[in-house]
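Participant: Predicted model follows, preceded by the sequence.
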Amino acid sequence: MSRPSIFRIAAWPWLLGTLAVLAVGFHKAIFVAPTEATMGDVQRIFYYHVPSAVMGLLFPYVNFIAALAYLFWRRRDPLKALAADALALAAAEVTVVFVSIGLLTGMLWGRAAWGIWWTWDARLSTYLLLWLLYVSYLLLRRFSSTGESHTLSAVLSVFAAVDVPIVYMSIRWWRTQHPSPVFGDGGSLDPSMWPAFLWNLGGWFLWGVFILAFRYALERRRQIADQENALRAIEASLEIPQ
Amino acid sequence: MTWHSLFDLSTMEHRHLLFAYIAVWTIQIGYLGWITWQWRHTKDTRP
C-alpha cells in the first residue's frame, strides 16, 4: 500500500478553495464590476482573457527552469532529470491550455470590439508564435523517434522562453491594435474593476498550479510504470530456460 | 448585469461574452478530465 503524498492530501482542499475563489471571481466579473463605457458588457471578457494570458506568460518559465534542470542533471543524476522532465512537460501543456484560451477569448473580444477576428500586430503575432512554439515542443516529444527527444525538447524550450519577454514588451515597443498596458503608471483600468480582475487572476493562478501538479504527478506515475516494465523485461530476458 | 442579460443572445457582444466564458470552462474542465482519465488508466507501481 503506497503512502499518500503531500500532493494527494492537499489536492481536494486546494481544488475546492480554487473553485470558491473562481466562483467569487465570476460573480464580481459578471454582476458587480461596472459596465465599461465604450465597449459595454463585452469588456467583461477582460476578466477571463487577461488572467489566462498572464498564466500563459508565467508557466513557460516553469517549463524553462525545468528544462534547464533536466539538461543539468541528465548525465549527473538521471532520476532527478526524469522528475525535471516531467515538470517541463506538465508546464508546456498547461502553457498551451492557457495560451489557447488567451487567443480564443481575444478573438471573440476583438470581433465584437474591433470588428475583426484577427490582425497581424506585434502582440497578437508574438502570442501566436508562443502557442506554436509550445505546440511544437509537445509534438516533438510525442513523435520524435531519435531517442534524444527529451534533450531536443529541453533545448527547444530554452529558445521558446525567449518569446515570453517579447510578447510582454510588444505593446510597449510597438504601436499595436491591441490596447496599451492598463496596469501600472498611466494604466487606464478603473479602480472599481480591480477586485473582479484580482479575484480571477488569483483563481486562475490557483487552478494553473493545481493542474500543473496533477499533470506532473501523472507523468511521474507513467515514468515509474515504464521503469517497472523495463525492469521486468530485462529480468525476463535474463531467465535461463530449464 | 443580470443572469437574464448574460444569456441574452440578441447581440453579438452578449453572444461573444457568453461564448468566451463557456469556452474557458469547457477547455479547462476538458483538460482536467483528460488528466483524470489518464490518471485512472495508468497503473500505480509505487512500492
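Facilitator: Nice, I can see it.

Participant: Give me the residue at the spatial middle of chain A.
Facilitator: A:T95 (2.3 Å; CA atoms, centre = their mean).

Participant: which residues sit against the helix or strand containing A:A20?
Facilitator: Per DSSP states H and E, A:A20 falls inside helix A:6-27. Identification of contacts with helix A:6-27 by CB atoms under 8 Å, 6 or more residues apart in numbering or on different chains yields A:47, A:196, A:199-200, A:202-204, A:206-207, A:209-210, A:213-214, A:217, B:21. All C-beta atoms are positioned from the backbone trio N, CA, C, and that covers glycine.

Participant: what about A:A29, neighbour count?
Facilitator: 22 (other CB atoms under 10 Å in any protein chain shown).

Participant: show me the residues around it that make contact.
Facilitator: A:44, A:47-48, A:196, A:199-200.

Participant: how about the helices in chain B?
Facilitator: In chain B, the segments counted as helices under DSSP state H are B:3-6, B:12-40.

Participant: Of all those helices, which one is nearest chain A?
Facilitator: Chain A sits nearest to helix B:12-40 of all the helices of chain B, at 3.9 Å, using CB to the nearest CB.

Participant: max-length helix in chain A?
Facilitator: Under DSSP H, chain A gives helix A:194-238 as its longest helix.

Participant: If you count contacts, what does that one end up packed against?
Facilitator: helix A:6-27, helix A:46-76, helix A:78-113, helix B:12-40 (3 or more CB pairs under 8 Å, 6 or more residues apart in numbering or on different chains; DSSP states H and E).

Participant: what would these look like in JSON lines with mean pLDDT and distance to A:L152?
Facilitator: Below are the helices and strands packed on helix A:194-238 laid out as JSON lines (pLDDT from 0 to 100; distance: least, CB to CB, whole Å):
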{"stretch": "helix A:6-27", "mean pLDDT": "92", "distance to A:L152": "29"}
{"stretch": "helix A:46-76", "mean pLDDT": "95", "distance to A:L152": "11"}
{"stretch": "helix A:78-113", "mean pLDDT": "95", "distance to A:L152": "12"}
{"stretch": "helix B:12-40", "mean pLDDT": "96", "distance to A:L152": "24"}
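
Participant: Since that was my last question, I'll sign off now.
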